[in-house]
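[1] coords please:
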Amino acid sequence: MRWHLVVRLSLVLLVLIVGLAVVGYYSPAEAEVINLKFSTDSPGPPNPYEVGHEWFLKEVENRSNGRVKFERFYSQTLNPSREALFSVSKGVADMAQLVTGYWGGQLALSSVTTLPGMTKDMWAAMKASEELHQLKPLVDELTKVNMKYMAANGLSDYRILSTKPVRTLADLKGLRVRAMGEQADVLKELGAAPVGMTAPEVYQALQRGTIDAVAAPPVFIGVFKFYEVAKYYSMLGVGASAFLFPINLNTWNKLPKDIQKIFEEVAKESVDEMYRAYHIKGNLDILNNVMIPAGVRVIEASAADSAKIKEISSQTVWKNWAREKEAAGLPGNEILSKWVEYVAKWEPKNPLGKQ
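    Okay, here's the model as predicted:
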């Protein structure tokens, strides 16, 4: 009898151990993995632009203990550049980098963050954008396209890479320059002939002579290898820009509250990481160790020409931007005023220094 009892108790114990092992193996955290898609038009790391995005994605994955997993789609493999907004809006991608200048109609107010001559400080532009997108008109604008502002990304001061020397503002006259949004407007005011196209289209356009120049910072130039077909880099700058790193609104609303909190915490920290990866490490490294060794000649800009760009931007382009938005029934004056205020607020606070 005792032997049978021992056997039965052993079997019960074995079942309990196996059961606990199975329950432990299929833990709720592992069973509820949230799979999300991230899309971008540029190549993946070590591309400095994507190093910043990769930091964001990995931090969310790590802090969620693997409950969130991102599938990365680089170099337009999920959607073409021109369809990125619609990809996020429709949920084809859950998150993507959006260059607001491509969608002035849908992101009319958000496009204020690309106004030329506002600042040369990418960090300040991103921090200002973060604050600006908490305002109701900006929240409503993104809600209309089924998106929520998640984090900022951006580009540092756009300067002129060209196939012929641009030494002064006078050399811009008649120059066909790839530029987007309001940056195109200030170049037009300076006598250039702006041409709109997505980043992946620029290399062939420069190579074939369809355009003479592109307004871009070094990382942008390095990622797409424009330096191979254009050999002059003028330090005439039209300013830094902040772009969007949004999330599909439906995706956001489905996330558990604790996961939403992780996203928000990572987003707050991501501005420093993006600036560090993109501007401090990326721009200086590509200019000095890629562009110049490849034969690109750097042309310094005069203080007078730089001041002229700022003057034309503030007196003409900014005012025209606000006037057009007001005519469309949007609070253009209010948003422009807030943007100027926020940029001025954040410029002196850059903890990483202006490189």
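[2] Could you report the separation of the residue positioned nearest the centre of the chain from residue 278?
    Here the mean C-alpha position of the chain is nearest to the C-alpha of residue 153 (C-alpha atoms, centre = their mean), at a distance of 3.3 Å. As for residue 153, its distance to residue 278 is 8 Å (criterion: C-beta to C-beta, to the nearest Å). For the C-beta atoms, the positions are set from N, CA and C on the backbone; glycine is no exception.
[3] overlap in contacts of the two?
    Between them, residue 153 and residue 278 share these contacting residues under C-beta atoms under 8 Å, 6 or more residues apart in numbering: 49, 52.
[4] in the chain, which segments are predicted with low confidence?
    1-31, 354-355 (pLDDT under 70).
[5] mind redoing it with 50?
    Scanning the chain for pLDDT under 50 picks out the ranges 1-7, 9-29, 31.
[6] returning to that earlier point: so what's the backbone phi/psi at the residue nearest to the centre of the chain?
    Main-chain dihedrals, residue 153, degrees, to the nearest 10: phi -130, psi -180.
[7] I figured it hits residue 51, correct?
    No. Residue 153 is not in contact with residue 51 according to C-beta atoms under 8 Å; the separation is 11.4 Å.
[8] which neighbours do those two share?
    Shared contacts of residue 153 and residue 51, defined by C-beta under 8 Å, 6+ apart, comprise residue 278.
[9] residue contacts, the residue nearest to the centre of the chain?
    The neighbourhood of residue 153, defined by C-beta under 8 Å, 6+ apart, consists of 49, 52, 53, 97, 126, 242, 243, 244, 245, 274, 278.
[10] The residues you listed in strands, which ones?
    Secondary structure defined by DSSP state E assigns 242, 243, 244, 245 of those to strands.
[11] now, among the residues you listed, which is nearest to residue 205?
    Using C-beta to C-beta, residue 243 comes nearest to residue 205 of those, at 21.5 Å.
[12] and the gap between residue 122 and residue 36?
    Separation of residue 122 from residue 36 (C-beta to C-beta): 26 Å.
[13] neighbour-wise, which of these two wins?
    Applying other C-beta atoms under 10 Å to residue 122 and residue 36 shows that residue 122 carries more neighbours, namely 29 against 18.
[14] For that one, give its distance to residue 75.
    Taken as C-beta to C-beta, the span from residue 122 to residue 75 is 23 Å.
[15] Residue 119 now?
    30 Å.
[16] quick one: which of these two has more around it?
    Neighbours were counted for residue 119 and for residue 75 using other C-beta under 10 Å; residue 119 has more, 22 against 15.
[17] Fine by me, we can end here.
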